[in-house]
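Colleague: Okay, structure incoming, though there's no sequence with it:
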């Protein structure tokens, strides 16, 4: 997801409670969060039938444009991890960068960008993963973390969990300890948390059905195929369409 997120669901707020976590995932002892502060979820707007019919696009740009809303989002993301000894906060390309930098500053930690292939200038390490519509990979600089670093992974949305899970594996391969993951929005009906090997803290969770999941996946696959064919015709050569859709995170 890079410009919003797709959902077809009602929203609910969950800061510290979630569905039971599978046995292979470690629960995080969350901090108590105050409930007496302003609530800004109304700034996340629904855009029906975009980018495809049947998809409700969750647009977070009004939240980002509001100083109070932006502060609220960063606070809700970092608070459960305060005092956990976080050394590095990893932000997933690209809108994960926006939140991860604020979270890193609040926690007194460094920031590590996790990017799509070919975006970083120096030696990198890489982790590949599968999406519903193909394969992709994430990379970070080889010297971004040390083996004694404790890492928090941050993104704007958790959908099917492929990118988040691969990012956790990337840091594990580097020898660092992933303490947990934090996202502004979790699309509960896509069950992405099941693909992430660590506890996920989500500020907002949206609920839906498997029918909505299948519709979203099929719409995105169809859209990508058409756009790839269009680019191939216009350039005369095959073009690999980059990952990062709202359903593939």
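Modeller: Done, it's in. Being a predicted model, the structure only gives us computed values, none of them experimental.
Colleague: What is the least confident helix or strand in this protein?
Modeller: Across the helices and strands of the chain, mean pLDDT, DSSP states H and E gives its lowest value to strand 10-13, namely a mean of 32.
Colleague: For stretch 38-54, measure first residue to last.
Modeller: 32 Å (C-alpha to C-alpha, to the nearest Å).
Colleague: Stretch 48-62 too?
Modeller: End to end - C-alpha to C-alpha - stretch 48-62 spans 16 Å.
Colleague: where in the protein is pLDDT low?
Modeller: 1-37, 132-133, 209-249 (pLDDT under 70).
Colleague: for it, what spans make up the strands?
Modeller: Listed in chain order, the strands of the chain (DSSP state E) span 5-7, 10-13, 45-48, 56-59, 88-92, 110-114, 124-131, 134-141, 150-158, 177-187, 200-207.
Colleague: Mean neighbour count and distance to residue 66 for those strands - can I get that in CSV?
Modeller: C-beta coordinates here come from the backbone N, C-alpha and C atoms, glycine included. Putting the strands of the chain into CSV (neighbours: other C-beta atoms under 10 Å; distance: least, C-beta to C-beta, whole Å) gives the following:
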stretch, mean neighbour count, distance to residue 66
strand 5-7, 28, 18
strand 10-13, 12, 17
strand 45-48, 12, 12
strand 56-59, 20, 13
strand 88-92, 27, 20
strand 110-114, 21, 23
strand 124-131, 16, 32
strand 134-141, 18, 30
strand 150-158, 28, 15
strand 177-187, 25, 14
strand 200-207, 22, 15
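Colleague: Would you reformat the ones you listed as JSON lines and include distance to residue 98?
Modeller: JSON lines is the format used below for the strands of the chain (distance: least, C-beta to C-beta, whole Å):
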{"stretch": "strand 5-7", "distance to residue 98": "14"}
{"stretch": "strand 10-13", "distance to residue 98": "20"}
{"stretch": "strand 45-48", "distance to residue 98": "17"}
{"stretch": "strand 56-59", "distance to residue 98": "14"}
{"stretch": "strand 88-92", "distance to residue 98": "8"}
{"stretch": "strand 110-114", "distance to residue 98": "11"}
{"stretch": "strand 124-131", "distance to residue 98": "22"}
{"stretch": "strand 134-141", "distance to residue 98": "17"}
{"stretch": "strand 150-158", "distance to residue 98": "7"}
{"stretch": "strand 177-187", "distance to residue 98": "10"}
{"stretch": "strand 200-207", "distance to residue 98": "14"}
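Colleague: count of residues packed around residue 95?
Modeller: 23 (other C-beta atoms under 10 Å).
Colleague: now it: how far from residue 207?
Modeller: Residue 95 sits 22 Å away from residue 207, going by C-beta to C-beta, to the nearest Å.
Colleague: How about the contacts made by the spatially closest residue to residue 135 that is not a sequence neighbour?
Modeller: Nearest non-adjacent residue to residue 135, counting by C-beta to C-beta, 6 or more residues apart in numbering: residue 128, 6.3 Å away. By C-beta atoms under 8 Å, 6 or more residues apart in numbering, residue 128 lies in contact with 135-137, 166.
Colleague: returning to what we had before: out of the strands of the chain, which gets nearest to residue 80?
Modeller: strand 200-207 (5.1 Å; C-beta to C-beta).
Colleague: returning to what we had before: could you point out which of the contacts of residue 128 is nearest to residue 114?
Modeller: Nearest to residue 114 among the contacts of residue 128, with distances taken as C-beta to C-beta, is residue 166, at 9.0 Å.
Colleague: mind checking how far the closest one is from residue 139?
Modeller: Taking C-beta to C-beta, one finds residue 166 at 10 Å from residue 139.
Colleague: Mind listing the shared neighbours of these two?
Modeller: The overlap between the contact sets of residue 166 and residue 139 (C-beta under 8 Å, 6+ apart) consists of residue 127.
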